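In: Sequence first, predicted coordinates after that:
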Protein chains: 4
Amino acid sequence: MASELIELKGHIIDSLSLPRVLDGILAQGGRFEIEEIKIGKTRPEPSYARIRVNADSEEALENILAYVEKDGASRAWQWDADLAPAPKDGVFPEDFYCTTNLETQVRISGRWTPVRNIEMDCGIVVEDDSARTMPMNLVRDGQKVVVGHRGVRVEPPERKEPRGAFEFMTSEVSAERPKGLIVREIAHEIMETKRRGEKVLLVGGPAIIHSGAGPFVERMIECGYIDVLFAGNALPLHDIESALYGTSLGVSVEEGRPAAHGHEHHLRAVNTIRRIGSIKEAVRQGILNTGIMRVCVQANAPFVLAGSIRDDGPLPEVITDTMEAQAAMREALEGVGFALMVATTLHSVATGNLLPARVKVVCVDIDPAVVTKLVDRGTVQATGVVTDVGLFLMELDAELRRIGTGKEEKCLAS
Amino acid sequence: MASELIELKGHIIDSLSLPRVLDGILAQGGRFEIEEIKIGKTRPEPSYARIRVNADSEEALENILAYVEKDGASRAWQWDADLAPAPKDGVFPEDFYCTTNLETQVRISGRWTPVRNIEMDCGIVVEDDSARTMPMNLVRDGQKVVVGHRGVRVEPPERKEPRGAFEFMTSEVSAERPKGLIVREIAHEIMETKRRGEKVLLVGGPAIIHSGAGPFVERMIECGYIDVLFAGNALPLHDIESALYGTSLGVSVEEGRPAAHGHEHHLRAVNTIRRIGSIKEAVRQGILNTGIMRVCVQANAPFVLAGSIRDDGPLPEVITDTMEAQAAMREALEGVGFALMVATTLHSVATGNLLPARVKVVCVDIDPAVVTKLVDRGTVQATGVVTDVGLFLMELDAELRRIGTGKEEKCLAS
Amino acid sequence: MASELIELKGHIIDSLSLPRVLDGILAQGGRFEIEEIKIGKTRPEPSYARIRVNADSEEALENILAYVEKDGASRAWQWDADLAPAPKDGVFPEDFYCTTNLETQVRISGRWTPVRNIEMDCGIVVEDDSARTMPMNLVRDGQKVVVGHRGVRVEPPERKEPRGAFEFMTSEVSAERPKGLIVREIAHEIMETKRRGEKVLLVGGPAIIHSGAGPFVERMIECGYIDVLFAGNALPLHDIESALYGTSLGVSVEEGRPAAHGHEHHLRAVNTIRRIGSIKEAVRQGILNTGIMRVCVQANAPFVLAGSIRDDGPLPEVITDTMEAQAAMREALEGVGFALMVATTLHSVATGNLLPARVKVVCVDIDPAVVTKLVDRGTVQATGVVTDVGLFLMELDAELRRIGTGKEEKCLAS
Amino acid sequence: MASELIELKGHIIDSLSLPRVLDGILAQGGRFEIEEIKIGKTRPEPSYARIRVNADSEEALENILAYVEKDGASRAWQWDADLAPAPKDGVFPEDFYCTTNLETQVRISGRWTPVRNIEMDCGIVVEDDSARTMPMNLVRDGQKVVVGHRGVRVEPPERKEPRGAFEFMTSEVSAERPKGLIVREIAHEIMETKRRGEKVLLVGGPAIIHSGAGPFVERMIECGYIDVLFAGNALPLHDIESALYGTSLGVSVEEGRPAAHGHEHHLRAVNTIRRIGSIKEAVRQGILNTGIMRVCVQANAPFVLAGSIRDDGPLPEVITDTMEAQAAMREALEGVGFALMVATTLHSVATGNLLPARVKVVCVDIDPAVVTKLVDRGTVQATGVVTDVGLFLMELDAELRRIGTGKEEKCLAS
């Protein structure tokens, strides 16, 4: 027989923390007694519960406590987090604490210290009384890593009151929704993000170009609605193919008909850029004078192009080492407050893995399975929009210009 | 050993008739010798081939001849079609000839006579030296029905030279196409159909309303771009719900948020119309003064509402007997030259079954499986457009107004 | 300003009733004060909460009360339900109470009376102090119908502790699950249903036949694992085509290759049965001596075949009037305790509409959208299994024989 | 005005070469005159056509000739291929010839020389009168590369007479097919491949493990039915998680229920293998004593693990550089005669890019879009099977043992 007291504080009723914790205890084979409960009589007033957890063994108890911890339960009696050194480069100590993408605190020298660089599926390294997440491949021999679950607590996200179509969509995946509304909500989110001084990230696949939406994205970058671009080799390549030949995958973007030799265009395009040396140089030389990549270079919008094994070429700026690409993505995520993921499963899941849960994610794809996958892999904050990528971006661009601040006039002129 | 001479005429090379027939003979276990072949040296010049087919038995030979007949091969030596009386109401004689949706001729008294009312999966009834298709459930005891394959020939469709994005799409099902282009092509087809004096049919599902596209369809009917509407109970019901309550399936069409009691709205809407007696009467009384059904009634656009077992209510105009509904649909198809099928598998397949292959069909759905099903069920002329229904109709309406004849101004005013 | 006291009883914490009600009040623009709360210290011990709801107007208050009622909140102060007569046949009075598929009670003459024939989207008719649901099209002029929300309460379903793979799946829709396990769980559910003396319903689409799974279903009916069959015209027709010609949609079920004239087989099959007069008669005459329909007739397993507008023929037993078909389905659902829905959206949604939430539903389809649609239409108890229909039924049949009671030997012999 | 004579030889009628070439000429704006045509009177007898192509300009003529060349048309008058040096490492000369995945010949010094290492989207390097494909990133400064289209000819694939379910499926994508049959055909193909002394490749995604099919793949490798494995980081990682913890993505493979801390298992698993140093070493130490990776190591079945940006860890054997991974895949494809691609879009498309069209490809996924993508990207020989991965592999393993040579007994024992 083993027993431990846990506490819950805050909006534990309406955030569903309390019922989830009680359920979790029972689901894991434990029993509970509620020793004290105080429920706020109005919404702002916080609630409190103290609960005794009983289990058949110490091990079972530890299991339960670890289980309910992710819903905000913490031990009434507190310890500092246990630390152990990494046994070698790229390897965590046994029983290392695995991070979530929620805000997390570690108790060091009796003080709850926030963990920096929140990212799921990492370890936590403690140095000089400060704590930060550390991807497995980057940990260095001897660094002190949190082990076990004591002295760590996570903050479950506060539930907001739904306000518009957007909130009602959260984590839903449906094609049968009024799309005009959703476009307006997303445009509004982008404006809000900019207003907060944060950056908007676009994670995009090549269907953006195939579907003829390249010019809309180009304009959104030019007008400053998109600050950072993540893609693979295919989006920039088809964008450049389109700029050099007027085709995407060999199909005329203007007329929709296959061009003679069109299937070779993307290879000729990548060969041309490789000959010149880089996308940036091609823009500088005026060879590339239209398209998404052109505007990224001219507007100094940072882009990370991450390689994959199906790449042709690839383009010179593509980072072929996947771990290096992850590192470059992490760096470019600094300051990002909103992520729009369009028509790419691989890059969406990869980016979702790196984002803290507080960053809003909208995932747009015509295939509902893409959104499902993103959420299944842990990016629970993602809102899915099942729609046509080409028409969606056309409308989003139009809406942004409609509600914009006038600065767009200048962009449109260019 | 059995043998028979067959002939092929017309554009047998570029329509692929000849290679298909040769292939078909071999695939069915026969052998062929080409006795004569003349190939046109330019495109307009027709070609001709006479081919001897050999098989192991008379039965095998008949199998082969029936097989290649659908690619335009006909016996060099001709007989009149054999006829037999229907044994009772709703039943064809044994070995009745099953129709395709291609133009077909029957040899009666030595003359090739075109079959009227081309429709697949029917029999052919011959009366007074004229021939027409007959659905199984409508044949009457004693009517003379074509049996076997002799004396029947079908005309394989001529392949047209692809002209724009639309032709290149034919029978393709892809989300990765420039949608702006495709919208333009479809708008163009609608204008052409109107110019030929033919009617445009919309076959629509309730997602049109849920996705907020009701007003676009309303305007297209008002401006005369859509002449006939086929739907079930759900499209008109959610249209009426939207007119009476501003919601669709209980979700506010304007704001996207669930209304209080919203899930009951469609039931209250159908109850209201049932109380009044009919949709038409509700429009007349001014209770229904917006929406698709309102404009159908006021613009005298005929609509057929066909019932299904998942219907609530249903609305008074819904035809609950499925065979009666089929008959009403057949009648309303008179003069239809273009069919736009949007967001409904059941009604699309059912309408496809009734249409001759010469009527162009565009099937729009976000789920590629819908188009695949339509083509698998025999509507081979269908062009699939995998896109978001709401955004697609928004763009189609905008495009039609852009290229329209000015008459639209009046519509917009109303 | 308006105010009302509501009560919650039972497992209001772990069933999430309490947090949902509190959230609902706020979401609808109200405010709450918790006047009393008692939480059971162990799972079996029930909890109780009394909450004051405040709103800006009487109307707003009514909205809130209606909203939270579906989560089990009832007014602390009780009235009898209000009744009003149906104004004419097939029409409910204004403001009629719309049913859910949850267990419901109506207060009549001061007593809470359970509503019989629980079915969603109906009205409630009260006669002789008893209450039952009534579909809109069946209500008769003058019958007394519950109006408003007073005096009605619904019981939210108790959450069970998850036990196996099956419970963890609930309302999830994923292809990435161990299918062997899920087959075992479903086989187990079927055995349990039979043990409780309840019936197992199969709602099936024609893909069962196309995918070669006909013999497995045949055996499951023969062995008594399936008691009732719901289908359209296509499943029995392709089953009969398969029995008479060895093909399904013209493709050989044994060899997978298209048969000569194969596309005509289903029409010849339906013509044959129409000539004979009925499926039953065809079995009696020994013309139909294999297949699912054969075993239904011989094993006296009731079947309801509901017509749709895409039907060919149709078969004599097909009910072409959709409202009559609904009525026949309602009748055949008596005693059904488990419903397996395979490869049909239309019939699954239609059957889901008729089932109370207490009947477990498993919906099997290769397309995740089918399950999503079923749940979106209110059949929240449905568990989705995204898998291959043919292989699934093969495994389910094998598993049932593995765990069966020996009675199967006799079936297999036949 | 420009003009050129082209020739077509072989089975130009039934392979559809002739009609396609004629169509292509017209579609590209040219005109043709057939100067001579001889059609074989029986299937084995080859046919011949000589056609004059007329166009408005030399440039238009070149376009047409390039267009029809892929259907087997070659100039009646022959030149050697033109060569130009690569301008620098990793860059082809302007106007380099882009390869297809069809058998190709280059005319060098008056002789038609077969191109080795057929692979699409490459250049052709000529050295010492021999020719081979060269990926763009591997070409070295100064190597002689074929430019333009003269002196190159491709052999369109011969159409085989369909034999079983498998051939009828070719490039079809349908869930509504008898799956038992298809499993038998694939098992037969695998046996045939082994009999020819060629290798069978499995390209697999992690859903193989999630769906509980790991043990079936394990046995197929052990019995020698699968010789080579291509995967990413996820398949081996979840396989190892399953071996070490009995879970896949934290869900118990045996019971289907989430394990406590289960979501951390895959991270702990990759950390363990990184600590040990490699998968091979973990097998050698007996720490990894079950699973797919274990059997690959013990049976000396080569595996290529290619990294991607969503990888956790990754495992030590994962090649993080995507160009290095491509090179390793190319090498491992030597001798592969049949490729089974299961539940992975990225690796399927990447492998399809590297395979010549003569290698049969079967692509198994529950999502039809995966197969569509593979074929769209040029792997036209791929046969799609839309089914449940777990149940499919279960049946394939059972079928292989059924038809196997007895050697399996030994495998099963281990």
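Out: Okay, I see it.
In: Flag every residue of the stretch 301-414 of chain A that's near chain C.
Out: A:368-369, A:372, A:376 (C-beta under 8 Å from any C-beta of the partner chain). C-beta: built from backbone N, CA, C; applies to glycine.
In: okay, these in TSV with distance to residue D:297, secondary structure and pLDDT next?
Out: Shown next, in TSV, are these (distance: C-beta to C-beta, whole Å; DSSP: H, G, I helix; E, B strand; the rest coil; pLDDT from 0 to 100):
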residue	distance to residue D:297	secondary structure	pLDDT
A:368	38	helix	81
A:369	33	helix	80
A:372	34	helix	78
A:376	30	helix	76
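In: Could I have the buried ones of those residues as ChimeraX selection syntax?
Out: Entered in ChimeraX, the line below selects the buried ones among those, by 16 or more other C-beta atoms under 10 Å in any protein chain shown:
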select /A:368,369,372
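In: For residue B:179, state which of the residues of the stretch 301-414 of chain A next to chain C is nearest.
Out: Of all these, residue B:179 sits closest to residue A:368, with 18.6 Å by C-beta to C-beta.
In: Go ahead and confirm that closest one touches residue A:387.
Out: No - checked against C-beta atoms under 8 Å, the pair residue A:368 and residue A:387 is beyond contact range at 10.5 Å.
In: still on that earlier bit, using JSON lines, please lay out the residues of the stretch 301-414 of chain A next to chain C together with distance to chain B.
Out: Shown next, in JSON lines, are these (distance: C-beta to the nearest C-beta, whole Å):
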{"residue": "A:368", "distance to chain B": "9"}
{"residue": "A:369", "distance to chain B": "12"}
{"residue": "A:372", "distance to chain B": "15"}
{"residue": "A:376", "distance to chain B": "21"}
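In: Reformat the residues of the stretch 301-414 of chain A next to chain C as TSV; add distance to residue D:197.
Out: Shown next, in TSV, are these (distance: C-beta to C-beta, whole Å):
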residue	distance to residue D:197
A:368	44
A:369	39
A:372	43
A:376	42
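In: From the residues of the stretch 301-414 of chain A next to chain C, pick the one nearest chain D.
Out: Relative to chain D, the closest of those is residue A:369; by C-beta to the nearest C-beta it sits at 6.1 Å.
In: Who are the contact partners of the closest one?
Out: Neighbour list for residue A:369: C:368, D:367 [criterion: C-beta atoms under 8 Å, 6 or more residues apart in numbering or on different chains].
In: ditto for residue A:396
Out: Going by C-beta under 8 Å, 6+ apart, residue A:396 touches A:183, A:186-187, A:216, A:220.
In: Look through chain A and tell me its longest helix.
Out: Looking across chain A with DSSP state H, the single longest helix is helix A:179-195.
In: list the buried ones in that helix?
Out: Of all the residues in helix A:179-195, those buried under the rule 16+ other C-beta under 10 Å are A:179-187, A:189-191, A:193-194.
In: Take those and write them to TSV, including pLDDT and distance to chain C.
Out: Below are the buried residues of helix A:179-195 laid out as TSV (pLDDT from 0 to 100; distance: C-beta to the nearest C-beta, whole Å):
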residue	pLDDT	distance to chain C
A:179	79	17
A:180	82	21
A:181	85	18
A:182	88	17
A:183	91	22
A:184	90	21
A:185	89	18
A:186	93	22
A:187	95	24
A:189	93	21
A:190	95	26
A:191	95	25
A:193	96	25
A:194	94	29
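In: contacts with chain B among those, please.
Out: By C-beta under 8 Å from any C-beta, the members of these lying near chain B are A:179-182, A:185.
In: between those, which is closest to residue A:52?
Out: residue A:185 (44.5 Å).
In: From residue A:385, how far out is that closest one?
Out: According to C-beta to C-beta, to the nearest Å, residue A:185 and residue A:385 sit 10 Å apart.
In: repeat for residue A:34
Out: 41 Å.
In: same deal with residue A:296?
Out: Residue A:296 is 24 Å from residue A:385, by C-beta to C-beta.
In: which of these two has more neighbours?
Out: Per other C-beta atoms under 10 Å in any protein chain shown, whichever of residue A:296 and residue A:385 has more neighbours is residue A:385, with 29 against 25.
In: three-state assignment of that one?
Out: strand (DSSP: H, G, I helix; E, B strand; the rest coil).
In: Now do the contacts for it.
Out: Residue A:385 is in contact with A:169, A:179, A:182, A:186, A:362-365, A:371, A:392, counting by C-beta under 8 Å, 6+ apart.
In: And for residue A:248?
Out: Residue A:248 is in contact with A:206, A:209-210, A:214, A:238, A:241-242, counting by C-beta under 8 Å, 6+ apart.
In: Near chain D, which residues of the stretch 101-250 of chain A? Just list them.
Out: Counting by C-beta under 8 Å from any C-beta, the stretch 101-250 of chain A comes close to chain D at A:121, A:136-137.
In: closest to chain B among the residues you listed?
Out: Nearest to chain B among those, with distances taken as C-beta to the nearest C-beta, is residue A:121, at 31.3 Å.
In: Three-state assignment for the residue nearest the centre of chain A, please.
Out: Taking C-alpha atoms, centre = their mean, the centroid of chain A lies closest to residue A:352, which sits 3.2 Å from it. Here residue A:352 is recorded as helix under three-state DSSP.
In: cool, and the one 10 residues further on?
Out: Under the three-state scheme (three-state DSSP), the conformation of residue A:362 reads as strand.
In: Before we move on, what's the pLDDT of it?
Out: For residue A:362, the pLDDT comes out at 94.
In: one step back: can I get the buried residues of helix A:179-195 in JSON lines including distance to residue D:263?
Out: Below are the buried residues of helix A:179-195 laid out as JSON lines (distance: C-beta to C-beta, whole Å):
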{"residue": "A:179", "distance to residue D:263": "34"}
{"residue": "A:180", "distance to residue D:263": "38"}
{"residue": "A:181", "distance to residue D:263": "35"}
{"residue": "A:182", "distance to residue D:263": "31"}
{"residue": "A:183", "distance to residue D:263": "34"}
{"residue": "A:184", "distance to residue D:263": "36"}
{"residue": "A:185", "distance to residue D:263": "31"}
{"residue": "A:186", "distance to residue D:263": "30"}
{"residue": "A:187", "distance to residue D:263": "35"}
{"residue": "A:189", "distance to residue D:263": "29"}
{"residue": "A:190", "distance to residue D:263": "32"}
{"residue": "A:191", "distance to residue D:263": "36"}
{"residue": "A:193", "distance to residue D:263": "30"}
{"residue": "A:194", "distance to residue D:263": "35"}
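In: and which of the residues you listed is nearest to residue B:10?
Out: Comparing those against residue B:10 with C-beta to C-beta picks out residue A:179 as the nearest, at 46.4 Å.
In: Surely residue A:382 and residue A:361 touch.
Out: Yes - here residue A:382 reaches residue A:361: they are 4.2 Å apart, a contact under C-beta under 8 Å.
In: who touches both of those two?
Out: The contact sets of residue A:382 and residue A:361 overlap at A:341, A:352, A:374 (C-beta under 8 Å, 6+ apart).
In: remind me which residues of the stretch 251-400 of chain A are low pLDDT?
Out: A:260 (pLDDT under 70).
In: for the stretch 101-250 of chain A, that is, sorry about that
Out: The model of the stretch 101-250 of chain A has pLDDT under 70 over residues A:156-177.
In: Is chain C within reach of stretch A:138-156?
Out: No - using C-beta under 8 Å from any C-beta, stretch A:138-156 never reaches chain C; the gap is at least 13.1 Å.
In: Can you show me the helices along the stretch 301-414 of chain A?
Out: Counting by DSSP state H, counting those that start in this stretch, the segments of the stretch 301-414 of chain A that form helices are A:322-332, A:345-354, A:368-376, A:389-403, A:408-413.
In: can you count the residues close to residue A:129?
Out: 10.
In: so what's the residue lying closest to it once chain neighbours are set aside bridging to?
Out: The spatial neighbour of residue A:129 that comes closest, neighbours along the chain excluded (C-beta to C-beta, 6 or more residues apart in numbering or on different chains), is residue A:108 at 5.4 Å. Beta-bridge pairing for residue A:108 (DSSP bridges): residue A:111.
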